[in-house]
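Enquirer: Attaching a predicted model along with its sequence, questions to come.
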Amino acid sequence: MKSASTFYPCFFSLLLCICLCISSCSPIDKLESAADLFSDGSIAEDLQLDILLYDAMSITDEAIVALDTKEDEENPHCYTSIWDPNLNKLTLDFNEDCLIRELNHSGKIIITYSGGIDSPKAFPHKRGAKLRIDFDNYRVNDYNFFGTQYLENISESDTIDAKIYRLQQENIVMTNGSLSTQRNGEFTQTSNVADDTYIGLERKTWGESTGVTAKGEDYQVEVMENNALLHSYNCLTQNFLMPSQGEKILRYQGHTRQINFGTGECNHSFNVKQGVFSITVDFTDGELPSEEE
């Protein structure tokens, strides 16, 4: 069985194979087996976007925690953090072949703050605070990543531990050679930030997005509040970047697919259902094992 840390290279390689063969896959309205639910690429591409966006957000969290690290202390990160108090801007400049969670990173993540805060650590504790995340020549493994994320603190007050944010994704693009996947979205996100270490952090996210697959076909995703996607610090420390709970509704070519991530377990498994077809996708061993009708 492969460890969590070896999952993502295997997943991205499998995704690339899926994308390269999509022209020969069964049409969605002519499903012959549950495996065809996954073969056209729409689910895999959207999931990979989620993984890369959460990976970038997690690296940002870790960089903010490390900002107070003294210069003579060992820095375990393979990127340089530069805080410019005049521009309220934090730049993460990745070294060549910066390996984090078995993924190679390069380029820059640039986070710009506004809304009356003078430090990145103040963002979770200030209602009205805003941040903008830009990707500058950013690359993860074989994928180039472009676009902008906006996050605004819309919590009821500065003092409560449970925080509420408005998350917008604008022209997010993931490319590999001639393959390109795009997304725009608007979400609500909650977190239980109790301190600045992010230990015990849980994020729940719900909302809507629209995307274009590598095939050039439109799809829509909806996540309901009562089935919000859960990302936890506990799973992150085990190198799991997929949601561990919640459900997506993905609409593609006039059909609706339910993608369920379980009830909180840290794993690489999720279930996909369309009509009478259902498949449990488990990448733990880099395979697509069980299908049911």
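Expert: Perfect, thanks for sending it. Numbers count the residues shown, from 1 in each chain.
Enquirer: From now on I want contacts and neighbour counts done on CA atoms only, so please keep to that.
Expert: Will do.
Enquirer: What segments of this structure are helices?
Expert: Secondary structure of the chain (DSSP state H): helices at 7-20, 36-39, 42-65, 233-236.
Enquirer: which parts of the last one are buried?
Expert: Along helix 233-236, these residues count as buried under the neighbour rule (16 or more other Cα atoms under 10 Å): 233, 235, 236.
Enquirer: ditto for stretch 259-277
Expert: For stretch 259-277, by 16+ other Cα under 10 Å, it's 259-262, 266-274, 277.
Enquirer: Verify the contact between residue 245 and residue 235 for me.
Expert: No. Using Cα atoms under 8 Å, residue 245 makes no contact with residue 235, being 11.2 Å away.
Enquirer: so what's in contact with the two at the same time?
Expert: Contact criterion Cα atoms under 8 Å, 6 or more residues apart in numbering; no residue bridges residue 245 and residue 235 by contacting each.
Enquirer: measure the residue lying closest to residue 210 once chain neighbours are set aside to residue 96 for me?
Expert: In space, and not counting its chain neighbours, residue 210 is closest to residue 220: 4.5 Å by Cα to Cα, 6 or more residues apart in numbering. Residue 220 is 35 Å from residue 96, where distance means Cα to Cα, to the nearest Å.
Enquirer: the more surrounded of the two?
Expert: Between residue 220 and residue 96, residue 220 has the larger neighbour count (other Cα atoms under 10 Å), namely 20 against 12.
Enquirer: shouldn't the more buried one be in contact with residue 253?
Expert: No. Contact criterion Cα under 8 Å: residue 220 and residue 253 do not qualify, at 9.7 Å.
Enquirer: Surely residue 184 and residue 170 touch.
Expert: Yes. With contact defined as Cα under 8 Å, residue 184 reaches residue 170; the gap is 5.0 Å.
Enquirer: The two: which is more packed in?
Expert: Taking other Cα under 10 Å, residue 184 and residue 170 do not tie; residue 184 has more neighbours (19 against 16).
Enquirer: which residues does that one contact?
Expert: Contacts for residue 184 (Cα under 8 Å, 6+ apart) come out as 168, 169, 170, 171, 172, 209, 210, 211.
Enquirer: And the residues you listed, which of them are buried?
Expert: Buried members of these, counted by 16+ other Cα under 10 Å: 168, 169, 170, 172, 209, 210, 211.
Enquirer: Identify, from the residues you listed, the entry nearest to residue 142.
Expert: Of all these, residue 172 has the smallest distance to residue 142: 16.3 Å, by Cα to Cα.
Enquirer: And the helices of the chain, which one averages the lowest pLDDT?
Expert: In terms of average pLDDT, helix 7-20 trails the rest of the helices of the chain, at a mean of 54.
Enquirer: State the pLDDT value of the residue nearest to residue 210.
Expert: pLDDT at residue 220 comes out at 95.
Enquirer: any idea how far it lies from residue 247?
Expert: Taking Cα to Cα as the measure, residue 220 falls 14 Å from residue 247.
Enquirer: I'd like the distance from stretch 82-101 to the chain centre, please.
Expert: Centroid separation for stretch 82-101 versus its chain: 19 Å, with Cα atoms, centre = their mean, to the nearest Å.
Enquirer: That stretch: end-to-end distance?
Expert: This stretch, stretch 82-101, spans 22 Å end to end (Cα to Cα).
Enquirer: quick one: the strands in the stretch 101-250 of the chain?
Expert: Secondary structure of the stretch 101-250 of the chain by DSSP state E, counting those that start in this stretch: the strands cover 103-114, 130-140, 143-153, 163-176, 179-191, 202-212, 218-223, 229-232, 245-252.
Enquirer: Next, the angle helix 42-65 makes with the last one.
Expert: Here strand 245-252 runs at an angle of 130 degrees relative to helix 42-65 (axes from the mean of the first three to the mean of the last three Cα atoms, to 10 degrees).
Enquirer: now strand 245-252 against strand 202-212, angle please.
Expert: Put simply, strand 245-252 runs at 10 degrees to strand 202-212, going by the same axes, to 10 degrees.
Enquirer: Where does the prediction get shaky in this protein?
Expert: Along the chain, the parts satisfying pLDDT under 70 run over 1-41, 68-76, 159-161, 193-199, 284-293.
Enquirer: returning to what we had before: make CSV from the contacts of residue 184 and add distance to residue 49 to it.
Expert: Formatted as CSV, the contacts of residue 184 follow (distance: Cα to Cα, whole Å):
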residue, distance to residue 49
168, 14
169, 11
170, 13
171, 12
172, 9
209, 12
210, 12
211, 10
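Enquirer: so which two of the residues you listed are the farthest from each other?
Expert: Greatest spacing in those, by Cα to Cα: 168 and 211 (13.7 Å).
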